[in-house]
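Q: Coordinates for the following, if possible.
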Amino acid sequence: MTRKTRIRAAVVTATALATAATVSVGVSQAGPEPAPSKAQIAGLFDNWNAALQTGDPEKVADLYASDAVLLPTLSNRIRTDHAGIVDYFEHFLEKKPVGKKVETIVDVLDRNSAIDTGIYEFTLTDPKTGAKSVTEARYTYEYEKRNGKWLIVNHHSSVMPEG
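A: Here you go, the predicted structure:
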């Protein structure tokens with residue numbers, strides 16, 4: 001190998017190493033996606049409540065994972081699939097529910113899972129008489145981020161026992 005060839009090979013090798021180091025540093029500095037804030041998780045309720053306002057049970061059910069479990073406020077049946085969740089909301093939405101959180105406690109477990117628990121109330125309208133009533137309930141939403149989308153994987157809601 002001539003001196004010129006050796007110098008050229010050394011320059012190519014050095015350039016390749018510098019490029020590889022720059023790329024790997026860029027990747028390691030980017031790191032994994034950060035965990036969501038408590039406010040972001042608490043805000044997922046607003047999306048759910050907005051879906052209720054559409055009156056479309058499919059839009060509400062689409063916020064639940066396909067393997068979600070729903071223990072609903074106004075039904076004795078546990079809902080464990082999309083059809084069951086849609087069925088519940090078909091009946092619940094007849095009451096034109098408007099939800100409002102009274103107290104919320106958020107626990108971010110990691111960047112892909114969180115729990116929001118607390119107390120909420122719903123203003124409900126009787127479909128026959130138009131009379132309004134307020135129901136206060138305890139709730140727990142367990143969320144998982146799947147394919148980039150936050151979904152409800154477990155939702156438990158029960159009327160306040162001393163209400």
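
Q: Tell me how many other residues surround the closest residue to residue 59 other than its chain neighbours.
A: Excluding its sequence neighbours, the residue lying closest to residue 59 (Cβ to Cβ, 6 or more residues apart in numbering) is residue 51, at 4.6 Å. From N, CA and C alone the C-beta is placed, and that goes for glycine too. Residues lying near residue 51 (other Cβ atoms under 10 Å) number 19.

Q: which of the residues in stretch 71-89 are buried?
A: Buried residues in stretch 71-89, counted by 16 or more other Cβ atoms under 10 Å: 71-74, 79, 82, 84-89.

Q: if we take those, which one ends up nearest to residue 110?
A: Checking these against residue 110 by Cβ to Cβ gives residue 71 as the nearest, at 23.9 Å.

Q: Is the nearest residue to the closest one once chain neighbours are set aside bridged to anything, and to what?
A: Leaving aside its sequence neighbours, residue 71 sits nearest to residue 156 (Cβ to Cβ, 6+ apart; 4.2 Å). Per DSSP bridges, residues listed as beta-bridge partners of residue 156: residue 71, residue 140.

Q: Dump the buried residues of stretch 71-89 into JSON lines; add pLDDT, secondary structure and distance to residue 43 as well.
A: JSON lines is the format used below for those (pLDDT from 0 to 100; DSSP: H, G, I helix; E, B strand; the rest coil; distance: Cβ to Cβ, whole Å):
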{"residue": "71", "pLDDT": "98", "secondary structure": "strand", "distance to residue 43": "23"}
{"residue": "72", "pLDDT": "96", "secondary structure": "coil", "distance to residue 43": "22"}
{"residue": "73", "pLDDT": "92", "secondary structure": "coil", "distance to residue 43": "21"}
{"residue": "74", "pLDDT": "90", "secondary structure": "coil", "distance to residue 43": "25"}
{"residue": "79", "pLDDT": "98", "secondary structure": "strand", "distance to residue 43": "24"}
{"residue": "82", "pLDDT": "97", "secondary structure": "helix", "distance to residue 43": "24"}
{"residue": "84", "pLDDT": "97", "secondary structure": "helix", "distance to residue 43": "26"}
{"residue": "85", "pLDDT": "98", "secondary structure": "helix", "distance to residue 43": "21"}
{"residue": "86", "pLDDT": "98", "secondary structure": "helix", "distance to residue 43": "24"}
{"residue": "87", "pLDDT": "97", "secondary structure": "helix", "distance to residue 43": "27"}
{"residue": "88", "pLDDT": "97", "secondary structure": "helix", "distance to residue 43": "23"}
{"residue": "89", "pLDDT": "98", "secondary structure": "helix", "distance to residue 43": "21"}
